[in-house]
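In: sharing a model prediction with you, sequence too.
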Amino acid sequence: MSKKNSDKKLPVGRVATLIIICVAMQAFIIVKLIDLQIVRYTGIETRVKEQSEKRIKTIPQRGKIYDREYKVFALTIGKKRIYPLHELCGNTIGFIGKDGMGLEGVEYEFDHVLSGTPGWLTMAKTPYGKLYPYPGLPMKPMKSANDIVLTIDTDIEAIVETALMNRVRELNAKEGSGVVIECKTGEILAMATVPSCDPAEWRRFKEWNNSVIQDQFEPGSSFKVVPISLLMEKRLVGLEEIVEDGSAQITIGNHTIHDAHKHDEFTFSQAVWQSSNVAFVRLTPRIGKGNFYIGARLFGFGTPTGIPLPGEAPGRLTTPDRWSTLSFANISFGQGMSCNLLQLALAYQAVANKGELLRPIIVKKIISSEGETIYESSPLVVRKVLSPADADLVNSLLCGVIEKGSGMSAKVSGLKMAGKTGTAQKVVNGRYDAYIASFITYFPADNPEILVACIINEPKGMCLSSQVCGPVIKEIVGNIVKLKQYQCFLDSSLVSGTQIFAMKKDAPVNNQPQMFFKKKNTLKLTEAVK
């Protein structure tokens, strides 16, 4: 009996082997599960998602750039950026590169505003690779781009570019530039560089330059607004005081400074009107080097204006401890220091605005994709450089420049204007071997609204600002007056600035009216975009 039972028992070794095999299989399964569900879970999940889902980047359409009347400077249709006005204000507008990022001008400076923020969404994918939306899959909404409304008036811009381009061609000059500013707000109505560049064909141009702010030059006599203001403010000279005896020259050390023409003796008023360098060399020691430097800095020379555009040149105004007697004499009539055209224009804007220097404004509004105004500019006084009474004294002297002095060539009949001419020698290859002519005016002088400033760089055949820039200023101011007076493009007596621009450049004029719109002013002002 016991023998039969013992025959049915399994050997101990076989049982142990079975147990080991079972434990090993369970351990293998556990390890495999751990590997699949913990160690390699992320990788497997990623491969599954790659096969069944696809993440797609969503890029917002780039925002539009408008002028102050909502005429389009730049917009995006499909993948190509379009610039409907081509080279008009092109050097200010700038362009974008192949990657869609701004590379110059407004397109560069406000790329973060115009481009928005990309997002992404997840699409389900069939075994055959076809994408379809599936509820609940993750996504990140994109942030829509904003539109920018500039302070530029395209009609005034066209008037300025046309006049400058014609004069540059007539005098075989290197280039011309101009800026138009509202005296009481600091808003820039035109910012022109000619020859101008077309953003739509930016690859054709070796360099892209906004010379109004990026080029600095020695302004010559147009810088005399500084000593004129300081002499008036400190009552250091009388208007009828004889300040130049008619010699028209003065010697400092081994250097002799001449006036442009021989003349009789000058009172201070006449010295301003006729732009006598000799008179100002005699007068500026009354101001003193330190006070002169402080006054020039108050007017904004030697420091950037802070306009939100790339590449502004700061200008150059050394400290008075570095001025010799001769260099101080030269600085008194705008040689031996430098500025950009916008700096120079704003100095006169301060006089026109009762002594208050304003911040230059180029962006009028930023508008969201929903049509809400998220930023709107407003005039900002940088500092007070003159009292209203002193500004009026300077203003009356500058009126004389246009009425009976070096600026008579710019006079527009029936319009009271104030201004100043400037002719400066220019260093070329280390020598004063060329000229640059400048002219600044504002009008109407008894209640200034508009300021116009221009330069012609390296004119040939003539050099005096009265000859070089006077006719340009007269043409620009005359056309702006007509434009502001009538504001009706249907009147045959007035052609819009954009049409003038097209005709004078021998470009075909489209007979169809330009398509643009003006949004209703129903948008509220909220926090500014930074």
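Out: On my side now, so go ahead.
In: now the longest helix along the chain, how far from the chain's geometric center?
Out: Longest helix in the chain, counting residues (DSSP state H): helix 12-34. Mean-position distance between helix 12-34 and its chain equals 79 Å (Cα atoms, centre = their mean, to the nearest Å).
In: send the alpha carbons of it over as PDB?
Out: The C-alpha trace of helix 12-34 is given here as PDB (Å, rounded to 0.1, in the frame of the first residue of the first chain):
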ATOM      1  CA  VAL A  12      11.600  16.800  -5.700                       C
ATOM      2  CA  GLY A  13      14.000  18.100  -8.400                       C
ATOM      3  CA  ARG A  14      11.200  18.200 -11.100                       C
ATOM      4  CA  VAL A  15       8.900  20.200  -8.700                       C
ATOM      5  CA  ALA A  16      11.600  22.700  -8.000                       C
ATOM      6  CA  THR A  17      12.300  23.100 -11.700                       C
ATOM      7  CA  LEU A  18       8.600  23.800 -12.400                       C
ATOM      8  CA  ILE A  19       8.400  26.400  -9.700                       C
ATOM      9  CA  ILE A  20      11.500  28.100 -10.900                       C
ATOM     10  CA  ILE A  21      10.100  28.200 -14.500                       C
ATOM     11  CA  CYS A  22       6.800  29.700 -13.300                       C
ATOM     12  CA  VAL A  23       8.500  32.300 -11.200                       C
ATOM     13  CA  ALA A  24      10.800  33.200 -14.000                       C
ATOM     14  CA  MET A  25       7.900  33.600 -16.400                       C
ATOM     15  CA  GLN A  26       6.000  35.800 -14.000                       C
ATOM     16  CA  ALA A  27       9.100  37.800 -13.400                       C
ATOM     17  CA  PHE A  28       9.700  38.200 -17.200                       C
ATOM     18  CA  ILE A  29       6.100  39.300 -17.600                       C
ATOM     19  CA  ILE A  30       6.400  41.800 -14.800                       C
ATOM     20  CA  VAL A  31       9.700  43.200 -16.100                       C
ATOM     21  CA  LYS A  32       8.200  43.500 -19.600                       C
ATOM     22  CA  LEU A  33       5.200  45.300 -18.300                       C
ATOM     23  CA  ILE A  34       7.400  47.700 -16.300                       C
END
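In: give me the three-state assignment for residue 440.
Out: Taken by DSSP: H, G, I helix; E, B strand; the rest coil, the conformation at residue 440 corresponds to strand.
In: buried residues in the longest helix of the chain, which are they?
Out: By 16 or more other Cβ atoms under 10 Å, helix 12-34 has no buried positions at all. Yep, even glycine has a C-beta here, placed from its N, CA and C like the rest.
In: which residue is nearest the centroid of this structure?
Out: residue 309 (4.0 Å; Cα atoms, centre = their mean).
In: so for that one, what's the nearest residue that isn't a sequence neighbour?
Out: residue 109 (5.5 Å; Cβ to Cβ, 6 or more residues apart in numbering).
In: gap between the closest residue to residue 238 other than its chain neighbours and residue 245?
Out: Spatial nearest neighbour of residue 238, excluding adjacent residues (Cβ to Cβ, 6+ apart): residue 268 at 6.5 Å. The gap separating residue 268 from residue 245 is 13 Å, by Cβ to Cβ, to the nearest Å.
In: ok, the two, which is more surrounded?
Out: With neighbours defined as other Cβ atoms under 10 Å, residue 268 and residue 245 compare such that residue 268 has more, 24 against 12.
In: dump the residue contacts of that one.
Out: By Cβ atoms under 8 Å, 6 or more residues apart in numbering, the contact list for residue 268 reads 231, 237-241, 243, 279, 283.
In: which of those residues fall in helices?
Out: 231, 279, 283.
In: turn the residues you listed into CSV, including neighbour count, distance to residue 83 and pLDDT.
Out: Compiled in CSV, these are given as follows (neighbours: other Cβ atoms under 10 Å; distance: Cβ to Cβ, whole Å; pLDDT from 0 to 100):
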residue, neighbour count, distance to residue 83, pLDDT
231, 25, 48, 97
279, 29, 49, 96
283, 22, 50, 97
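In: quick one: those as TSV, columns for distance to residue 304 too.
Out: Putting those into TSV (distance: Cβ to Cβ, whole Å) gives the following:
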residue	distance to residue 304
231	27
279	31
283	29
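In: ok so, going back, look up how far residue 136 lies from the residue nearest to the centre of the chain.
Out: 47 Å.
In: again with residue 112
Out: Applying Cβ to Cβ, the value for residue 112 to residue 136 is 32 Å.
In: looking at those two, which is more packed in?
Out: The residue with more neighbours, out of residue 112 and residue 136, is residue 112; 13 against 6, by other Cβ under 10 Å.
In: shouldn't the more buried one be within a helix?
Out: Yes - counting by three-state DSSP, residue 112 is part of a helix.
In: can you get me a residue count around the spatially closest residue to residue 464 that is not a sequence neighbour?
Out: Counting by Cβ to Cβ, 6+ apart, residue 464 lies nearest to residue 423, which is 5.3 Å off, once chain neighbours are set aside. Other residues within reach of residue 423, judged by other Cβ under 10 Å, total 28.
In: over to residue 415?
Out: 14.
In: that one and residue 163, how far apart?
Out: 16 Å.
In: likewise residue 437?
Out: To residue 163, residue 437 is 14 Å away according to Cβ to Cβ.
In: now swap in residue 84 and tell me
Out: Here the criterion is Cβ to Cβ. By it, residue 84 lies 22 Å from residue 163.
In: and these two? Which one has more around it.
Out: residue 163 (28 against 14).
In: pLDDT score assigned to the nearest residue to residue 390 once chain neighbours are set aside?
Out: The shortest distance from residue 390 to any non-neighbouring residue, by Cβ to Cβ, 6+ apart, is to residue 233 (4.8 Å). The predicted structure scores residue 233 at 96 on the pLDDT scale.
In: which residues touch residue 233?
Out: 386-387, 390.
In: so who does the residue nearest to residue 393 when sequence neighbours are not counted touch?
Out: Nearest residue to residue 393 in three dimensions, chain neighbours excluded: residue 232, at 4.7 Å (Cβ to Cβ, 6+ apart). With contact taken as Cβ under 8 Å, 6+ apart, residue 232 is in contact with 390, 393-394, 397.
In: sounds good, over and out.
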